[in-house]
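Engineer: the following comprises the amino acid sequence and a computationally predicted model.
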Amino acid sequence: DWLTDGGGPHRVGWQQDEHILTKDNVKDLKILWKLKFDNKPREMHSLFPPLIVGSVQTKEGPKQIAIEAGISDNIYAIDVDAGKVIWQKHFEYPPVTEGRGLHDGDPLCPGGQTATPIIGEPNSSGDRTLYALAGDGKLHFLNVADGEDVHSPVKFGFGNGKSYALNIWNGVIFTTTSQGCNGNPNQMWALDINHPEKPVMTFNPKSGGLWGRTGAAIDSTGRAWAPTGDGTYDHENQVYGKGLIGVRGEGDQLELKDWFEPSNWSWLRKRDLDMQVTPAIFPFDGRELMITGSKECRVYLLDTNNAGGEDHQTPLFRTQLLCNEEVNFASAGIWGSMASWLDSSGTRWALTPFWGPVHPDFKPPISYGPVKPGAVVAFKVKGSNGKYELSPAWMSRDMNRAEPPLIANGVVYSYGNGENTEQAYPDRGLDDNSPERIKNSSHAVLYALDAQTGKELYSSGDQITSFNHFSGLSLANGRVYIATYDSTLYCFGLAGH
């Protein structure tokens, strides 16, 4: 199964139950099917990473189902063995008439359904519920088998409010919001689905947007961790811009439990180098650690029980600059989310994507030629007794805007999104314009890499014909899924499986 963006609440991107695709056969990947949906893109957004349930009891018998969400308030359920839609849902509501996100051309506030949904655990009858946040800010509860409502929708945010991927812990659903779209506060949100009144809890760090690609990551104590955007750091006044916050539900409130601020947060703010990367959380050496990053292009290693030490600004380890020598706020740095896995020898790995040219001073022991538009970097987590480091292991071939990787059965999967990411121009300054960026984008390319060495095992070449923006990969049961701007979902796998 792949029930949530990032594969689980810790957002490590590791599919531990893959047994079909291997390092030996992944070279034979092919497109098993592709589906083009009637989902209208909004700005640069279109489809989000699909969710996969291995066996769902439907009226036609058990089926493996993929749930695909589209920006224009659409949900599609696909029989992945047949490559056919078995049900679809469109969320209807009065149009939002006020606030940012109503006029074409602004990629930051597209409106519509912007959060990847999430699938809950089965109930006593084996039925699963899909939780989906529509563009009007209402959370819907749908039966995965047939798309029927299992509970009336409940308010969970603002219309056109730009929420990010849903996460869940002990019956509490989390999301984050950014860009102040339609007046929506930039903050962490939580809703207890088991409470009869479905109360909404929030925590506002008084910062810019909380726009980690996969929303908040949740640690083993139920703390939800999310990066914060532009703003200052002023603990006395509860202001936590350009950092990382950890909150947990206490009664009917979300309360701040810990936080981290880079020591150079003020400079990061001046150069618009946001800490906008969803962390990956994993056990190591009897502790629970996490990795995150920013557009500056460094990776931070933190302890979830003491993020940043006594001053909240001292990480366990901070890497050198991996990229972004030119200090580019739009087309370089680390974007999206991180990944981590444990190999059979007990080595803990940490992975990050980055955009733009590799920094000339970063020289990993294994690499595969010049890197200009982006790459994936793998580290080994080393150390004990409070002394830890991220030791570079390899850097992949170049990828056109490398996106967050997934790991399965010794193979790393990533892709270059093909997106034009320019937001500023010499002749007119800052002008982030969707139509121009769409016109100048190319197409995504899916890659499979040896997880130990980064060697390329597979490339989709020109088979994918469109780019994507703020989406991602999903993987389950021998199939890899990637969706594109033209509202097409590609399913890659092996012939006969």
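Structural biologist: Cool, the structure landed. Residues are numbered from 1 along each chain as shown.
Engineer: make it CA atoms for all contacts and neighbour counts henceforth
Structural biologist: Noted.
Engineer: so where's the stretch 101-250 of the chain shaky on pLDDT?
Structural biologist: Counting by pLDDT under 70, the ranges of the stretch 101-250 of the chain that qualify are 101.
Engineer: mind listing the strands for the stretch 301-450 of the chain?
Structural biologist: Counting by DSSP state E, counting those that start in this stretch, the stretch 301-450 of the chain has strands at residues 317-318, 336-337, 339-342, 348-355, 374-384, 387-395, 406-408, 411-416, 424-425, 429-430, 445-450.
Engineer: counting contacts, what elements does the fourth one pack onto?
Structural biologist: If I follow you right, that is strand 348-355. Here strand 348-355 touches strand 339-342, strand 374-384, going by 3 or more Cα pairs under 8 Å, 6 or more residues apart in numbering; DSSP states H and E.
Engineer: swap in the second one?
Structural biologist: In this structure, strand 336-337 packs against strand 277-278, with contacts taken as 3+ Cα pairs under 8 Å, 6+ apart.
Engineer: mind listing the strands the strand it packs on pairs with, and their directions?
Structural biologist: strand 336-337 (parallel) (DSSP bridges).
Engineer: what about the partner strand, average pLDDT?
Structural biologist: For strand 336-337, mean pLDDT rounds to 96.
Engineer: how far off centre is that strand?
Structural biologist: With Cα atoms, centre = their mean, to the nearest Å as the basis, strand 336-337 stands 5 Å off its chain's centre.
Engineer: ok, residues contacting it?
Structural biologist: By Cα atoms under 8 Å, 6 or more residues apart in numbering, the residues outside strand 336-337 that reach it are 11, 212-214, 276-280, 292, 352-353, 403-404, 470.
Engineer: re the thing from before, CSV for the strands of the stretch 301-450 of the chain, including distance to Ile86?
Structural biologist: Below are the strands of the stretch 301-450 of the chain laid out as CSV (distance: least, Cα to Cα, whole Å):
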stretch, distance to Ile86
strand 317-318, 48
strand 336-337, 31
strand 339-342, 32
strand 348-355, 35
strand 374-384, 36
strand 387-395, 41
strand 406-408, 27
strand 411-416, 28
strand 424-425, 43
strand 429-430, 44
strand 445-450, 27
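Engineer: among those, which comes closest to His103?
Structural biologist: strand 429-430 (17.8 Å; Cα to Cα).
Engineer: list the pairing partners of that closest one within its sheet, with orientation.
Structural biologist: By DSSP bridges, strand 429-430 pairs with strand 424-425 (antiparallel).
Engineer: pick the most deeply packed of the helices and strands packed on strand 348-355.
Structural biologist: strand 339-342 (a mean of 24; mean count of other Cα atoms under 10 Å).
Engineer: list the pairing partners of that one within its sheet, with orientation.
Structural biologist: Sheet pairing of strand 339-342 (DSSP bridges) gives strand 348-355 (antiparallel).
Engineer: on that earlier part again, TSV please, covering the helices and strands packed on strand 348-355 and showing distance to Ile366.
Structural biologist: Shown next, in TSV, are the helices and strands packed on strand 348-355 (distance: least, Cα to Cα, whole Å):
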stretch	distance to Ile366
strand 339-342	19
strand 374-384	10
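Engineer: what's the closest of those strands to Arg100?
Structural biologist: With Cα to Cα as the yardstick, what comes closest out of these is strand 374-384 (31.5 Å).
Engineer: any residues touching the closest one, and which ones?
Structural biologist: Outside strand 374-384, the residues touching it (Cα under 8 Å, 6+ apart) are 285, 332, 347-358, 388-403, 405, 414, 416, 454.
Engineer: mind checking which of these are buried?
Structural biologist: 332, 348-358, 388-403, 405, 414, 416, 454 (16 or more other Cα atoms under 10 Å).
Engineer: report the buried residues of the helix or strand encompassing Leu289.
Structural biologist: For Leu289, the host element (DSSP states H and E) is strand 287-293. For strand 287-293, a neighbour-count test (16+ other Cα under 10 Å) marks 288-293 as buried.
Engineer: got it, and stretch 1-21?
Structural biologist: 1-15, 18, 20-21.
Engineer: next step: those residues restricted to strands.
Structural biologist: 14-15 (DSSP state E).
Engineer: report how many residues lie close to Ser46.
Structural biologist: Each residue near Ser46 was counted by other Cα atoms under 10 Å, and the total is 27.
Engineer: I figured it was touching Ile71, is that so?
Structural biologist: Yes: under the criterion of Cα atoms under 8 Å, Ser46 makes contact with Ile71 at 5.2 Å.
Engineer: which neighbours do those two share?
Structural biologist: 39-40.
Engineer: please export the C-alpha coordinates of stretch 189-202 as PDB.
Structural biologist: The C-alpha coordinates for stretch 189-202 follow below in PDB (Å, rounded to 0.1, in the frame of the first residue of the first chain):
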ATOM      1  CA  TRP A 189      -4.000  22.900  11.100                       C
ATOM      2  CA  ALA A 190      -5.400  19.800  12.800                       C
ATOM      3  CA  LEU A 191      -8.800  18.100  13.000                       C
ATOM      4  CA  ASP A 192      -9.800  15.200  15.300                       C
ATOM      5  CA  ILE A 193     -11.900  12.900  13.100                       C
ATOM      6  CA  ASN A 194     -12.900  10.800  16.100                       C
ATOM      7  CA  HIS A 195     -14.400  13.700  18.000                       C
ATOM      8  CA  PRO A 196     -18.100  14.000  17.500                       C
ATOM      9  CA  GLU A 197     -17.900  17.700  16.900                       C
ATOM     10  CA  LYS A 198     -14.700  17.500  14.600                       C
ATOM     11  CA  PRO A 199     -13.000  20.500  16.200                       C
ATOM     12  CA  VAL A 200     -10.300  22.300  14.300                       C
ATOM     13  CA  MET A 201      -7.000  23.200  16.000                       C
ATOM     14  CA  THR A 202      -4.400  25.600  14.700                       C
END
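Engineer: so what touches it?
Structural biologist: 154, 156, 171-177, 187-188, 203, 249, 252-254.
Engineer: go through that stretch and flag the buried ones.
Structural biologist: Quick answer for stretch 189-202 (16+ other Cα under 10 Å): 189-193, 199-202.
Engineer: among those residues, which lie within helices?
Structural biologist: Using DSSP state H, the subset of the buried residues of stretch 189-202 located in helices is empty.
Engineer: from those residues, which land in strands?
Structural biologist: Per DSSP E, the subset of those in strands is 189-192, 200-202.
Engineer: can you lay out those as TSV showing distance to Gly478?
Structural biologist: Converted to TSV, these look like this (distance: Cα to Cα, whole Å):
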residue	distance to Gly478
Trp189	34
Ala190	34
Leu191	34
Asp192	34
Val200	38
Met201	39
Thr202	39
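Engineer: out of the residues you listed, which two are the most distant from each other?
Structural biologist: Using Cα to Cα, these span at most 11.8 Å, a distance reached by Asp192 and Thr202.
Engineer: check the offset of the helix or strand that contains Arg269 from the chain's centre.
Structural biologist: Using DSSP H and E, Arg269 falls within helix 265-270. Centroid displacement of helix 265-270 relative to its chain, using Cα atoms, centre = their mean, is 24 Å.
Engineer: what about it, average pLDDT?
Structural biologist: Per-residue scores along helix 265-270 average to 96.
Engineer: ok so, going back, just the buried residues of the contacts of stretch 189-202.
Structural biologist: By 16+ other Cα under 10 Å, the contacts of stretch 189-202 give 154, 156, 172-177, 187-188, 203, 249, 254 as buried.
Engineer: so which of these is the closest to Lys34?
Structural biologist: Looking across these and measuring by Cα to Cα, the closest to Lys34 is Thr175, at 29.6 Å.
Engineer: tell me the contacts of the closest one?
Structural biologist: For Thr175, the contacting residues are 115, 163-167, 188-190, 215-216, by Cα under 8 Å, 6+ apart.
Engineer: is it possible to get TSV of those residues that adds secondary structure?
Structural biologist: Listed next are the contacts of Thr175 as TSV, based on DSSP: H, G, I helix; E, B strand; the rest coil:
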residue	secondary structure
Ala115	coil
Ser163	strand
Tyr164	coil
Ala165	coil
Leu166	coil
Asn167	strand
Met188	strand
Trp189	strand
Ala190	strand
Gly215	coil
Ala216	coil
